[in-house]
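Undergrad: Could you work out the structure for the sequence below:
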Amino acid sequence: MADRGMRRRCEAILADLDLPDVHDVRELCDVIAARQGRPIHLVGESLPADSPCGIAVRTERFDAIFYEADTSRLHQEHIIRHELGHLICGHLTAPVLDAEASRLLLPNLDPSLVRAVLGRSDYSEIEEKEAEMIASLLLRRSVMSRSRDAPRDDPAASPVLGRLHHTLVDP
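TA: Numbering: from 1, shown residues only. Sure, this is the predicted structure:
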C-alpha cells in the first residue's frame, strides 16, 4: 500500500513539472534544468568499484550528475534518471561544494568528488525508493511516447513495443 502512495506522490511531482514527451535523457536533463532554474551537467566517469554507479552533486551554481561511463547506454540512462529523481524530489537542498571546489570537480573526480560524496547526508531508504520510482516513471513516459511515435506498419517494432508496453504499463 505504501508503494502505491509513493507512486502517486512521484506521479504528482512529475505532473507539476509538466514535462514534454522527450526520448533523449540529455534532452530531459535540459528540460528539468530549465524548470528548476539550475543547469545540470552530466559527467560520465569511470567510477571506483566501491562507489555508487551515480552521484548527484549540488554546487552553488549548478547541479552535476556523475554516472558510470563503463556500462551500457541503457544502464547509464537509468542511472541518470535515478539521480534526476533525487534532484526533482529535492533530496539535495544545500550546496555541498563552494565555487572553487566545484571548479575542481568537473575536470576530474579526484578529491573533490570524495569530499562531495562524504559531505552530503546519506539518502534514506525512502529517498532511494523515491528516486527509483521517479526513474521508472520517466522511463515509462519515454517508452510510451516512443510507442505513440513509432510507425504502426513496422512489423519488427510491433512485438517489441508490445512486450515493453506489457512489462512497463500493464504488468
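
Undergrad: Please make it C-alpha for all contacts and neighbour counts, starting now.
TA: Fine.

Undergrad: what's the burial count for D16?
TA: Close neighbours of D16, defined as other CA atoms under 10 Å, add up to 9.

Undergrad: Ignore what I typed, I meant G90.
TA: For G90, using other CA under 10 Å, the count is 11.

Undergrad: cool, R7 as well?
TA: Neighbour number of R7 under other CA under 10 Å is 18.

Undergrad: same check, this time on R9
TA: R9 has 16 neighbouring residues, counting by other CA under 10 Å.

Undergrad: For it, give its distance to L168.
TA: Going from R9 to L168 by CA to CA, to the nearest Å gives 18 Å.

Undergrad: One more: R26?
TA: According to CA to CA, R26 stands 22 Å off from L168.

Undergrad: Likewise for E128?
TA: 20 Å.

Undergrad: packing partners for the helix or strand hosting A56?
TA: Using DSSP states H and E, A56 falls within strand 54-58. When contacts are defined as 3 or more CA pairs under 8 Å, 6 or more residues apart in numbering; DSSP states H and E, strand 54-58 packs onto strand 63-68, helix 73-88, helix 110-119.
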